[in-house]
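A.B. asks: Sequence first, predicted model second:
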Amino acid sequence: MKKTTLKLLLFFFALLLFSSQAKANDLWLKDIPVKKLENLYQDINYQGDIKDHLMLKDKKYPRIFLKNFPLGYEKITDEQKRNALFLKILIPLAMKMNEEISEQRSEITKLQEKHLSGKKLSQAETDKIEQLATTYDIFTRIKGSDRYTYLLHELLIRVDFIPASILVTAAAIETNWGASRIVKEGNSLYKILEWHTTEGLKPIGETEDDSYRIKIYPDLYSSVKDYAIKVNSARSFEKFRQFRLKLKRLNKTATGQVLAPYTYGSSNLENYPGLFDYTLAYYELLAIDKSSLRDSKPTKQTIKKYQKYIVKK
C-alpha cells in the first residue's frame, strides 16, 4: 500500500514538474505579420517533411502559440502556402489543449482516489468538482457522498483526450483554412453558435433567422478550448465519448481515424464527412496524433528577435 501511494505521489510530482516546465517554455505571440512568422518558423527549423508542415523526423512541434492569425494572412493567395501555414499555427494549439485536458484529468483522478479511499473532500475540492460538472454539463439530484462518486465518475468519461487531428481538421473545414471572416473578426475556429442574443458575429448570407450569433473569442486558444469542451460535454458528441471510452477499456488507441465518424453530425456543412475524410487523408494529419510538443523553447537570441510580438498567455 505504501509503495503504491509513493508511486502515485511521484507520478503527480513529475506531472506538476513537467507542467510547470512546459508553461515556462511556452511562447505566445500576437499581431505578428505573416512574413515575420515565416521567418520565425525558418529560424527554429519548423519546416516539416511532408507538404511543408508535418514534423515526422522527431515528431515534435514547437511550443509557439498564436493569439490570432498573423497580420496579412487573408491576403495569401497561394492555397498550398496558406494551408501549410494554417496547420503550423493550429497543430501546436491542438496539442496544447490536450496537455491541459491531461492535467485536468489527472486532478480529477486524484480527487476520485481520495474520495473513494474514504477521506473527506475539502470545501475547495467539492467546489472544484461542482465547477467542473457545470462546465461539462453534468447534472444529478443525488446528494451527499454519493453525489461526488457520481460526478467524478462522469467527469472521467468526459474530460479526456481528443485527437489533435480532429481538432485541426474541424477548424480547417469550418473556417476554409482560416480564410473565413469569422477568424479575422472573432477568432472563431469552429463556428460555435449562441442563440437568442445580439452579441457575437451576425451571420451573413446564410439565413434570415436573426435569433443567433457566431460566438467570438479573445484569442484562438479560447476557441479551441470551447470546442474541446463541446466535444466532451454536448449531447451531439455522446457517441464520440462512448466510443472513446470503449476504446480505452479495450486498451486501444483513440486516433482521429477511428473517432472521426462520431463527429460528423456536429456540422451543418454539406458533405462534411467527405470533407473531413479527405482533409485527414490528403494532409496526412493522422501523423500528428503520434506527435507531441517539444520540451524546450527557442533560443534567447530568437526570442529577442521577435520580442515585439511576444505576450503573456
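C.D. replies: Now that the structure is in, tell me what you want to look at. Every value quoted in this text rests on a predicted model; they were computed, and no experiment measured them.
A.B. asks: how about low-confidence regions in the stretch 201-313 of the chain?
C.D. replies: Across the stretch 201-313 of the chain, the ranges flagged by pLDDT under 70 are 205-209.
A.B. asks: Same check on the stretch 51-200 of the chain?
C.D. replies: Across the stretch 51-200 of the chain, the ranges flagged by pLDDT under 70 are 51-57.
A.B. asks: mind listing the helices for the stretch 101-250 of the chain?
C.D. replies: Applying DSSP state H, counting those that start in this stretch to the stretch 101-250 of the chain gives helices spanning 123-135, 144-158, 164-174, 181-186, 220-231, 238-249.
A.B. asks: So for residue 80, which of the ones you listed sits nearest?
C.D. replies: Closest to residue 80 of these, according to CB to CB: helix 164-174, at 13.4 Å. (Glycine included, C-beta is placed from N, CA and C.)
A.B. asks: As CSV, could you dump the C-alpha coordinates of the closest one?
C.D. replies: Below are the C-alpha coordinates for helix 164-174, written out as CSV (Å, rounded to 0.1, in the frame of the first residue of the first chain):
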residue,chain,number,x,y,z
ALA,A,164,-5.3,16.7,-32.4
SER,A,165,-6.1,15.6,-35.9
ILE,A,166,-9.8,16.1,-35.2
LEU,A,167,-9.3,19.5,-33.6
VAL,A,168,-7.2,20.7,-36.5
THR,A,169,-9.3,19.2,-39.3
ALA,A,170,-12.6,20.5,-37.9
ALA,A,171,-11.1,24.0,-37.7
ALA,A,172,-9.8,23.9,-41.3
ILE,A,173,-13.2,22.9,-42.7
GLU,A,174,-15.3,25.3,-40.6
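A.B. asks: just checking, what packs against it?
C.D. replies: If you count contacts as 3 or more CB pairs under 8 Å, 6 or more residues apart in numbering; DSSP states H and E, helix 164-174 packs onto helix 79-116, helix 220-231, helix 256-259, helix 272-282.
A.B. asks: Taking their axis directions, that helix and helix 238-249 sit at what angle?
C.D. replies: Relative orientation of helix 164-174 with respect to helix 238-249: 160 degrees, computed using axes from the mean of the first three to the mean of the last three CA atoms, to 10 degrees.
A.B. asks: How about residues contacting helix 164-174?
C.D. replies: 83, 86-87, 90-91, 93-95, 97-98, 178, 180, 189-191, 224, 227-228, 231, 255-257, 259-260, 263, 266-267, 269, 272, 275-276, 279-280, 285-286, 288-289, 291 (CB atoms under 8 Å, 6 or more residues apart in numbering).
A.B. asks: what's the neighbour count on residue 290?
C.D. replies: Burial of residue 290 is recorded as 12 neighbouring residues (other CB atoms under 10 Å).
A.B. asks: I'd assumed residue 58 was in contact with it.
C.D. replies: No: between residue 290 and residue 58 there is no contact under CB atoms under 8 Å: 11.7 Å.
A.B. asks: thinking again about what came up before, which of the helices and strands packed on helix 164-174 sits closest to residue 299?
C.D. replies: helix 79-116 (17.7 Å).
A.B. asks: what's around residue 137, how many residues?
C.D. replies: 14.
A.B. asks: Could you check how far the closest residue in space to it that isn't next to it in sequence is from residue 247?
C.D. replies: Counting by CB to CB, 6 or more residues apart in numbering, residue 137 lies nearest to residue 233, which is 4.3 Å off, once chain neighbours are set aside. Using CB to CB, to the nearest Å, residue 233 is found at 19 Å from residue 247.
A.B. asks: Those two: which is more packed in?
C.D. replies: Comparing residue 233 with residue 247 by neighbour count (other CB under 10 Å), the higher total belongs to residue 233, at 18 against 15.
A.B. asks: on that earlier part again, now that you've got the contacts of helix 164-174, can you turn the buried subset into something I can paste into ChimeraX?
C.D. replies: The buried residues among the contacts of helix 164-174 can be selected in ChimeraX (16 or more other CB atoms under 10 Å) with this line:
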select :83,86,87,90,91,93,94,95,97,98,178,180,189,190,191,224,227,228,231,256,257,259,260,263,266,267,272,275,276,279,280,285,286,288,289,291
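A.B. asks: quick one: contacts of stretch 240-260?
C.D. replies: 157-158, 160-161, 163-166, 169, 231-232, 262-263, 276-277, 280, 285-286, 289.
A.B. asks: Could I get the buried residue list for it?
C.D. replies: Going by neighbour count (16+ other CB under 10 Å), the buried part of stretch 240-260 is 240-241, 244, 254, 256-257, 259-260.
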